[in-house]
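*Asks:* Give the three-dimensional model of this entry:
(2 chains)
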Amino acid sequence: MTWVRRNAKQIVLLVVLTMLAILWLLPILWAISTSLKPNPHTYRHPPRWIPEVATLENFREVFFTIRTTPIWRAYYNSLVVSISTTFLVLVVSSLAAYALARLDFPGRNLIFAIIVSSLLIPGQITLIPVFLRLHRWGWLNTYKALIVPALAGPFAVFLLRQFMLSIPRDLEDAARIDGCSKFRTFYTIVLPLIKPALTTLAIFTFFGSWNDFMWPLITMTRRNMMTLPVALQAYLAAFNYMIEAGYILAASVAATVPPAVFFLVFRRYIIKGIALSGLKL
Amino acid sequence: MARNNRRKYFLLNEENPLYPYLYLLPYLTLFIIFIALPILESMRISMYDWSLIGPPPRYVGLSNYEYIFTEPTELFLHSLKNTVQYAVGAVPLFVVGSLFLAIAVDAVKRWKGFFQISFVMPMVINVAAISIIWIWIFDPTTGLLNYYAGLIGLPPQNLLGHEETAMWTIVAVSFWWGVGFPFLVYLSGLQDIPQTMYDAARIDGANAWHCFKDITLPLLRPTLLFISVMQIIGAFQVFGQVYILTGGGPYDSTRVVVQHMYLTGFQYFEMGLAAAMAWVLFCILIVFTLIQFRVFRFGERLEY
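*Replies:* Modelled structure (predicted):
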């Protein structure tokens, strides 16, 4: 009894948190359960958490469906776009950040001030002019439409520049005295030193691109070009929700499980990255 | 030959005054094409009757702005009101709810990792997948929720299909989906508060409430402000989950500003009106963005 009393607070906390955690996980588990059931079983009452008959038929259907974007294709589109965007954002932004943090040239403060003040402008402002421009250039329904405009985001440059300013200059000075060129200093000394910021930026850019919904909804109207979120949204229209729920849920689960596994594997980095994005710039 | 070489490498010569601009060139080009010029163009478009499918654009001054506030259906004002309703529900829930969650996970001694994973996990799922999962649960006839509600004697509910409940249901789903980010930021803020401060307070006879009020809250103030401003800005830009969960219905009761703008621009192709709406949204957001600037100290090293 004394043990219970001494640990009462911990026990209450554990019970409440466990109930909440279950509330957070059950919807995902229910979706997985539904996705494994043959369609006529999906809406049977009482609900069965463990399917009576488990089948991968739903997954086979959505991976190769001809009614709308096959999931494999949406995956491929999403991966191509997210990986290229992340890689190119890191390259383009770190180069610019290096110039703004470490090189001396006329107009540097003005350029930085302009880039920073553009952070005031919400994305909805540029949405229409950029759409019209890509429309004119014939870029709609191409990967470029999703990748290239995303490289212009000012936050990446800002984040990396601030991080570069916070690292000591001694190493770079030493490298210069040893005759290291500016580009080699950037590549072999500065980049490794700002690795935490690069990791954070990579995670945010990747998930930002992977989960982006509005921009691909506008620019990717052709079935075979849709990214996962847009394709999934189209599943609601392409399949009958009442009798084909298994297909729709299988598509969602297929889109959910790999990122979830990715998160579990790299959880330490992701959590650290998010914490870093708080106030510790 | 030698001269040729010198010319070839002229730009790559570090002594060249243009050398630093080489690093900036790729980004700056993209910035000008996709951010700077579009901002100016957006202002111009908002002053045009600019239909993508109709006659060529015609200058109309500020009448687009007048029109969206005075047109007879009042849909813009209505969606503004709905967005405010979403913000009123979501912002306190995110700011306070995730703080309590973080405090609880920080204090609990077992299964910390499991709790962290549970609350953060939905964040990595895309908005369409989470919306589909919840539509399936909320379904009035086949849904899990109504089945269990029925077991304890509650009448069946169509949460997403009723004007009184639809927006609050969207708020709840959004919280389930997005709690991970503020939760983690709070958690790292809490872990930065030295344990010795709490120990000292305990020796002086402070109880848990005093510790929370006099140590945790003041030291978390910057984090709280950061999360609040982030959430307000995010709430005014809500789109994806609304678009998929309800499509703005029933009877436009969940139509939000960004969705209204999306429909105006990309269903009715009225680019001028949509651009004007974006600028109205900007005017609302700028206040909070400026606060965010101060919190973030964006301009701090401007004069470096």
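
*Asks:* element containing the residue lying closest to B:W111 once chain neighbours are set aside, please.
*Replies:* Excluding the flanking residues, the one nearest B:W111 by Cβ to Cβ, 6 or more residues apart in numbering or on different chains is A:L14, at 7.2 Å. To be clear about C-beta, it is placed using only N, CA and C from the backbone, and glycine gets the same treatment. Element membership for A:L14 (DSSP states H and E) is helix A:8-35.

*Asks:* And chain A, what are its domain boundaries?
*Replies:* The record's domain split for chain A, according to automatic domain parsing, is A:2-62, A:67-238.

*Asks:* do you know how far A:A174 is from B:V108?
*Replies:* 47 Å (Cβ to Cβ, to the nearest Å).

*Asks:* still on that earlier bit, for the next helix or strand after the helix holding A:L14, what does the pLDDT average out to?
*Replies:* Following helix A:8-35 in sequence order, the next helix or strand is helix A:39-42 (DSSP H and E). When pLDDT is averaged over helix A:39-42, the result is 83.

*Asks:* which residues are in contact with helix A:39-42?
*Replies:* For helix A:39-42, contacts defined as Cβ atoms under 8 Å, 6 or more residues apart in numbering or on different chains pick out A:34, A:48, A:51-53, A:58, A:243-247, A:249, B:142.

*Asks:* what's the distance between it and the middle of its chain?
*Replies:* In terms of Cα atoms, centre = their mean, to the nearest Å, the centre of helix A:39-42 is found 33 Å from the chain centre.

*Asks:* buried set for the very next helix or strand once past it?
*Replies:* Using DSSP H and E, the helix or strand that follows helix A:39-42 in sequence is helix A:57-64. Residues A:E57, A:N58, A:F59, A:E61, A:V62, A:F63 are the ones in helix A:57-64 that count as buried (16 or more other Cβ atoms under 10 Å in any protein chain shown).

*Asks:* ok so, going back, which parts of the helix holding A:L14 are buried?
*Replies:* A:13-14, A:17, A:20-21, A:24-25, A:27-28, A:30-35.

*Asks:* Show me what it is packed against.
*Replies:* Helices and strands touching helix A:8-35, by 3 or more Cβ pairs under 8 Å, 6 or more residues apart in numbering or on different chains; DSSP states H and E, are helix A:245-265, helix B:98-107, helix B:112-120, helix B:127-138.

*Asks:* orientation of that helix relative to helix A:245-265 in degrees?
*Replies:* When axes from the mean of the first three to the mean of the last three Cα atoms, to 10 degrees is applied, the directions of helix A:8-35 and helix A:245-265 differ by 140 degrees.

*Asks:* Run the angle between helix A:8-35 and helix A:57-64 for me.
*Replies:* 70 degrees.

*Asks:* Verify the contact between B:I130 and B:V173 for me.
*Replies:* Yes - counting by Cβ atoms under 8 Å, B:I130 touches B:V173, with 6.9 Å between them.

*Asks:* Find residues that contact each of those two.
*Replies:* B:Q241.

*Asks:* ok, those two, which is more surrounded?
*Replies:* Higher neighbour count among B:I130 and B:V173: B:I130, with 29 against 25, using other Cβ atoms under 10 Å in any protein chain shown.

*Asks:* what sits against the more buried one?
*Replies:* B:P122, B:V173, B:W176, B:W177, B:Q241.

*Asks:* which of these are close to chain A?
*Replies:* B:P122, B:W176 (Cβ under 8 Å from any Cβ of the partner chain).

*Asks:* among the contacts of B:I130, who's most crowded?
*Replies:* Counting by other Cβ under 10 Å, top hit in the contacts of B:I130: B:V173 with 25 neighbours.

*Asks:* distance of that residue from A:Q233?
*Replies:* Distance, B:V173 to A:Q233, by Cβ to Cβ: 15 Å.

*Asks:* and the helix or strand harbouring B:L184, anywhere near chain A?
*Replies:* In this structure, B:L184 sits in helix B:180-191 according to DSSP H and E. Yes - against chain A, helix B:180-191 shows contacts by Cβ under 8 Å from any Cβ at B:G180, B:F181, B:L184, B:V185, B:L187, B:S188, B:G189.

*Asks:* Just put these in CSV and tack on neighbour count, pLDDT and distance to B:F100.
*Replies:* Listed next are the residues of helix B:180-191 next to chain A as CSV, based on neighbours: other Cβ atoms under 10 Å in any protein chain shown; pLDDT from 0 to 100; distance: Cβ to Cβ, whole Å:
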residue, neighbour count, pLDDT, distance to B:F100
B:G180, 25, 91, 15
B:F181, 19, 90, 16
B:L184, 25, 91, 14
B:V185, 25, 89, 14
B:L187, 25, 91, 12
B:S188, 21, 87, 16
B:G189, 25, 87, 14
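
*Asks:* picking up where we left off before, reformat the helices and strands packed on helix A:8-35 as TSV; add mean pLDDT and distance to B:K213.
*Replies:* As requested, the helices and strands packed on helix A:8-35 are exported to TSV (pLDDT from 0 to 100; distance: least, Cβ to Cβ, whole Å):
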stretch	mean pLDDT	distance to B:K213
helix A:245-265	89	35
helix B:98-107	93	12
helix B:112-120	92	24
helix B:127-138	93	35
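
*Asks:* A:P129 is nearest to which of these?
*Replies:* Closest to A:P129 of the helices and strands packed on helix A:8-35, according to Cβ to Cβ: helix B:127-138, at 24.6 Å.

*Asks:* who's in contact with residue 97?
*Replies:* With no chain named, the answer covers chain A. Neighbours of A:A97 in contact, by Cβ under 8 Å, 6+ apart: A:A156, A:V157, A:L159, A:L160, A:R161, A:F163, A:M164.

*Asks:* look at chain B instead
*Replies:* B:G97 makes contact with B:F175, B:V179 under the criterion Cβ under 8 Å, 6+ apart.
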